[in-house]
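K.L.:
Structure of the sequence below:
(chains A and B)
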Protein chains: 2
Amino acid sequence: MAGSDIPESNCDVLIVGAGPAGLMSATWMARCGIKARIVDKRGTKIFSGQADGLQCRSLEIFDSFGFADRVWKESNHMIEVSCINPGPDGRIRRSDRVPDTIPGVSRFQQVVLHQGRIERFFLDHLKKYSDITVERGVLPESLDIDASKIEDNDAYPITVKLRHLTDEEAMPAQSKSSDIADGLFRSNLAADDTDDLIRKSTGNEGNAEIVHAKYMIGCDGAHSWTRRQLGYEMQGEATDYIWGVLDIIPITNFPDIRMRCAIHSANSGSVMVIPRENGLVRLYIQLSEIRPDASGRADRSKITPDVIMKAAQKTMSPYKITYEYCDWWTAYQIGQRVGTNFDAHQRVFLAGDAVHTHSPKAGQGMNVSMQDAFNLGWKIGLVVNGVSPRSILKTYQSERRRIAQDLIAFDHRFSRLFSGRPAKDVTDEAGVSMEEFKAAFVKGNQFASGLSVDYGASMLVAKPGDSAEQGDGTDVGVAGAATNGSSARKVVGKQELATNIPLGMRFQSFQVVNQAGARPYPFQYWLMSDGRFRIVLFAGNMADEKQKERVRKFCAELEKPGSVIRRYTPPDRAIDSVIEILTLHSAKRVDVELLVDFPTILHPFDEKRGWDYDKVFVDDESYHEGFGDAYKNYGVDKERGCVVVVRPDQYVGYIGELEDVEDLEAYFAGVMIKDNAGLARTKVNRNVRETPSASMLDAAKAYTLDGPPPETNGGATEADGPASGSGAAVGTQ
Amino acid sequence: MAGSDIPESNCDVLIVGAGPAGLMSATWMARCGIKARIVDKRGTKIFSGQADGLQCRSLEIFDSFGFADRVWKESNHMIEVSCINPGPDGRIRRSDRVPDTIPGVSRFQQVVLHQGRIERFFLDHLKKYSDITVERGVLPESLDIDASKIEDNDAYPITVKLRHLTDEEAMPAQSKSSDIADGLFRSNLAADDTDDLIRKSTGNEGNAEIVHAKYMIGCDGAHSWTRRQLGYEMQGEATDYIWGVLDIIPITNFPDIRMRCAIHSANSGSVMVIPRENGLVRLYIQLSEIRPDASGRADRSKITPDVIMKAAQKTMSPYKITYEYCDWWTAYQIGQRVGTNFDAHQRVFLAGDAVHTHSPKAGQGMNVSMQDAFNLGWKIGLVVNGVSPRSILKTYQSERRRIAQDLIAFDHRFSRLFSGRPAKDVTDEAGVSMEEFKAAFVKGNQFASGLSVDYGASMLVAKPGDSAEQGDGTDVGVAGAATNGSSARKVVGKQELATNIPLGMRFQSFQVVNQAGARPYPFQYWLMSDGRFRIVLFAGNMADEKQKERVRKFCAELEKPGSVIRRYTPPDRAIDSVIEILTLHSAKRVDVELLVDFPTILHPFDEKRGWDYDKVFVDDESYHEGFGDAYKNYGVDKERGCVVVVRPDQYVGYIGELEDVEDLEAYFAGVMIKDNAGLARTKVNRNVRETPSASMLDAAKAYTLDGPPPETNGGATEADGPASGSGAAVGTQ
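P.N.:
Model (predicted):
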């Protein structure tokens, strides 16, 4: 289909759109070592405004990549919400204070920081871990999928023609109504310019290229060009509610301007106050006087910062508010829609605004979009790398479309309650009950943390029940999934062994202490996003000989040649490169010794770097940061422990006894490919380790396991046999 | 004195040496807006090895500049110390575990990270806050001080001729004995090469320049060229103990390799183990078989990584240790020396190794050096900016030489105990008692935190007693200091009002909660290093009308035209630009309102940015991080409060009652210059604010203080008068 002079090339994954969803997708590709490209039609990244709210869960995800600290430092932390309602005299007053994040649900709290900074952190991370760079001013013009190649793992069934725009073409026109940066050109009040851009640049074939891709991810926003090529619909509708947004440094006597506030005035509309970084405050302001025209679209030329500010002043009266500095502004019309399909043939995927649009006020947009891509990216990465079968890709739609449906249902209810006039009394049926609003708000906060996500049964989540029912209807059961003729069968994890580690939900974090160095860590710190599945071995009381024997037996199973660990790890790769084992025991730290009491596979040996000291942890007191009480908090028996499988995205896949090795094997048989010689590029980044040779492993075991037992008083240490090292000469690296 | 063709220029402060002390000096200059230059004879920064230990206090200081988080993230945290001694059978075993940092002394713990990274963080910070860059390959050749200009604030009494080296000249020769980066060229086992460098580059006048400076800081290390020009001596002596240092990734069966260990073998010397970042471990190894020659200096050609490793293997036997990767190594001869003088005419200053040298094993070198410069930099900054009289510069020697003397005394004792052979029994008088060693080690840990520093009475520290006696003998009393004909007199702060805020020590941190936004902070977070003195107003119970009246009266005194705040702040500068007021009250957060209950001066108004929401804090519960219980922890009465003055370096200068305004004035009269029109450049960086006009302030007060009181149920809020804003048109910035 390409002209003979148009350059053609292959890439594994093509990502269209470099907003939060696109960048999250690219980040997974970087961490999984995938050859990927990411293009965006805009010539520059954004520098102000846009989305700003970040859920606890998004911060946990950033932390799993290693950059949550940058967000935590620069952002404003949202601590308390003020509910401001009219009193009996009609004048607004504070009626309630509620915590913005429910205490205890996460080690992070909701924060706000503008999208441009978040994108900056992603870009820095991409640079650190890959050579993937965002190609700006590039947009797709045509998409073809060769249906005959869909099931061929080595094929490139997708062909996309890309256009490289000039700098001028790639620069969006700002609104003419003010000098302040605005977001109207991205708003749903503006028409999409993609077709226009394509039309203008067509005819000059010098700016075109053809890309053949294995997979494609459309993160190209509410007007998604990718979605339109696939012919998928968005289901739902727009409302008549028009809202304006101002990012200002306010000059005001409103008392709660540094709190998040939901303000309902008696007859002058609603305002949401979001205190931001650097003294900024974002106001979401209902524009009651601007209505959509007959076509259902509002006239955006009538909307200016002045118009929006005046509406806010009316709502917030008798308090006064004005500003000298406005950083950004926009306006939008509330609508709630969900895409009918999230993928085509498990080859082309849609994420973010391309498959769900809703009100921005609940601070969900950027979060849910990133979390779509966080759910999808590692799955594509493992499939491209030959670790997992293509069947796991079906779980993307099953897991995420269900979340989008829940989100839209919530947003629909919340927007109506927030945009409505407060009821004067119980007989005022046209008005909104403020009690009902508060209840919805509190429920919304649970939803908005991102932590209530509970994925249904599938080959990736060993829990009881019907997978179609628990998801969006897609068939993601094990039977349909096990295409690799393995021992896969439906496994149901034993939830009762870890009552606070719910199957299908993210693995919560409690403080644990490193056995070798005594440093306390949030356990989640070690569940880093590098594409590895993890077996978390709750080893129980390692000071008890009977329990220690159970742990030894479990480890002996994992050490066997055909074990669940060895089967999926190529022989030339480190033993922890596909599935990592993390151990948490419950004896006193000083009563056990890492090298003596813990089987080798729990702290693998490496010829160049010695033992791995970062895999065995203890549920014990720390000197400076208290006691995590992790066994109790996880709901795991301190004596007997259990075995938990955590997916690469920190969601819980399986729970079993130490003896349930067959179940463990069956779980992995459903999600991994045996003898995956294709595995070549998964990058383990935070603690890279090389594979020890077999002889070194033997030598290592010899001096660890065969030595005399430690003295039980926890005092003296003992040498235990000959060293493995060969007295190697001084080397350099 | 300069040849007619040699370029000449002026700068306020010339810093010689870009190690930690030099970079800390430059950082203060950047934050105080001083025109400074920093030169270093080496052509590149260091990339590995050198110092690595960071005290709690150093981390607190980094945090005051805003980059402690980078260190905290990358470093290894030192949690526990193992004492390893010979048992009755002569074989080494663990005899004790002690916490490395005493729990509760700081919100940070001791960490290790190599000096190159620390220097990187300083360099990044300099770039962010100034145009100061390190001029590498530049060294001074001559120094002249014009004694007649010393007392003239506007003069440049110092003239230095600088040489710009070629790249080749500026590159130190590495040891020829191995390919691994080593630090021998910086070690005290190597001869200094400064004179050699000067000799080689002389004769080519094209590479010379003349700099005239007001002040100069010599941070040029143990061989300090600056010190030699001043003719000052180092007092003390070298010992016979030679130690080697290896930074390796160890391959070992030694059980505590990820703990800090002090290992005494029966007859094979001592080893200190310091676990480092990225799997590295630093070993300090006693080289018993290498002795100094007749000249007192050891032959460094005999020292190689192999020789050092073999000595370690002997000490650590029967455990085995080897390595494949060595990052850096060096060797040194223990000696303890202190400079006789730390300054010349309070114009040329010496800091760091230039005035104290000692063993590196206690992890003190980099810390004490940086803390010298941290003590000095703001003083020079305030003097150059015309805020403070030159007399405060005397306190540098008084405060820091005393610290150096204490350090050397400690190091002398500790080195002897660590280098000695363990006593076989109580009758073995030639041996070292392991009990005595442990006691010294624990005491050393207190010392090594950097938190025991207690500066003596001076114009900067209003405490009882004789200032000469409490310092190093330098006269730093108020009488000698008050050169500006002001109302300065000796003030003694009332320690009993704040029993855990010791005068002369650093202001400890407890958690407090922001009144306006409910976010918890360590209080120290707000004591940022920007050159400002701070009045910390412990406002007490602001829900009590009588106490509120006391606070109102105190603030009314500060509002007066000739007040301690207004007197030292130029009229065209923000009211908080020289002295900032931070308030901590003890009422419930929800029982008081910032804009209603707190006088204007505690949260100043600005025409462009509105009220300041970051100056008033409350000692109350937080939603997510517990209760700081700050009043109790600071030892301050919850009802009555008190007033504390904190110096720009976080050390406590004064404590008094809210009514002791005359004492407060007398304190500041001793350290500041009235009507300092010269103030032009002090940069307030973390929360820049402009000065409001008088009329705006009046309008602001009108709608804050004159409004109706808030409802006491902490529920409803009230509007309170007309707004100050003029309904300003949309502006951009």
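K.L.:
from here on, contacts and neighbour counts on C-alpha atoms
P.N.:
OK.
K.L.:
Would you mind measuring the gap between the ends of stretch A:278-287?
P.N.:
For stretch A:278-287, the separation between the terminal residues is 27 Å (CA to CA, to the nearest Å).
K.L.:
right, I mislabeled it, should have said stretch A:514-525
P.N.:
12 Å.
K.L.:
anything in that stretch near chain B?
P.N.:
Yes - residues of stretch A:514-525 contacting chain B under CA under 8 Å from any CA of the partner chain: A:516, A:517, A:518, A:519.
K.L.:
Look up which helix or strand the third one falls in, please.
P.N.:
It refers to residue A:518. Taking DSSP states H and E as the criterion, no element holds residue A:518; it sits outside all helices and strands.
K.L.:
Let me see the confidence value for it.
P.N.:
Per-residue pLDDT puts residue A:518 at 97.
K.L.:
Number of residues surrounding it?
P.N.:
When neighbours are defined as other CA atoms under 10 Å in any protein chain shown, residue A:518 has 25 of them.
K.L.:
Could you point out which residue ranges in chain A have low pLDDT?
P.N.:
Residues of chain A meeting the criterion pLDDT under 70: A:1-4, A:172-179, A:185, A:188-189, A:202-206, A:479-488, A:675-733.
K.L.:
does residue A:162 count as helix, strand or coil?
P.N.:
The three-state label for residue A:162, taken from DSSP: H, G, I helix; E, B strand; the rest coil, comes out as strand.
K.L.:
That one contacts residue A:211, correct?
P.N.:
Yes - checked against CA atoms under 8 Å, the pair residue A:162 and residue A:211 is within contact range at 7.4 Å.
K.L.:
can I get the CA coordinates of stretch A:258-276 in CSV?
P.N.:
Once side chains and other backbone atoms are set aside, the C-alpha atoms of stretch A:258-276 remain, and they are given as CSV (Å, rounded to 0.1, in the frame of the first residue of the first chain):
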residue,chain,number,x,y,z
ARG,A,258,-6.6,26.3,51.0
MET,A,259,-9.1,23.4,51.5
ARG,A,260,-10.8,21.5,48.9
CYS,A,261,-14.4,22.9,49.0
ALA,A,262,-17.7,21.9,47.4
ILE,A,263,-19.7,25.1,47.4
HIS,A,264,-23.5,25.0,46.7
SER,A,265,-25.1,28.4,46.7
ALA,A,266,-28.8,28.8,47.2
ASN,A,267,-29.6,30.1,43.7
SER,A,268,-26.3,31.1,42.1
GLY,A,269,-24.8,27.7,41.1
SER,A,270,-21.9,25.7,42.4
VAL,A,271,-18.1,26.0,42.7
MET,A,272,-15.5,23.4,43.5
VAL,A,273,-12.2,24.8,45.1
ILE,A,274,-9.0,22.8,44.6
PRO,A,275,-6.0,24.3,46.3
ARG,A,276,-2.9,23.8,44.1
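K.L.:
Wait, residue A:411 touches residue A:335, no?
P.N.:
No - using CA under 8 Å, residue A:411 and residue A:335 do not qualify as a contacting pair, with a distance of 9.3 Å.
K.L.:
Strands of the stretch 51-200 of chain A, residue ranges please.
P.N.:
Defined through DSSP state E, counting those that start in this stretch, the strands belonging to the stretch 51-200 of chain A, from first to last, are A:53-54, A:76-77, A:80-86, A:92-99, A:111-112, A:134-136, A:138-145, A:158-164.
K.L.:
Does the second one reach chain B?
P.N.:
Yes - using CA under 8 Å from any CA, strand A:76-77 reaches chain B at residue A:77.
K.L.:
Please apply the same query to the fourth one.
P.N.:
Yes - on the criterion CA under 8 Å from any CA, strand A:92-99 is in touch with chain B at A:92, A:93, A:94, A:95, A:96, A:99.
K.L.:
List only buried entries from the residues you listed.
P.N.:
A:92, A:93, A:94, A:95, A:99 (16 or more other CA atoms under 10 Å in any protein chain shown).
K.L.:
just those residues now: which is nearest residue A:296?
P.N.:
Each of these was checked against residue A:296 using CA to CA; the closest is residue A:92, at 32.2 Å.
K.L.:
from the stretch 551-700 of chain A, which residue is nearest to chain B?
P.N.:
Distances between the stretch 551-700 of chain A and chain B by CA to the nearest CA are smallest at residue A:610, namely 4.3 Å.
K.L.:
Quickly note the distance from that residue to residue B:305.
P.N.:
When CA to CA is applied, the distance between residue A:610 and residue B:305 equals 19 Å.
K.L.:
For the biggest helix by length in chain A, buried residues please.
P.N.:
The helix that spans the most residues within chain A, counting by DSSP state H, is helix A:394-419. When burial is assessed from 16+ other CA under 10 Å, helix A:394-419 yields the following buried residues: A:394-405, A:407-408, A:410-412, A:414-415, A:417-419.
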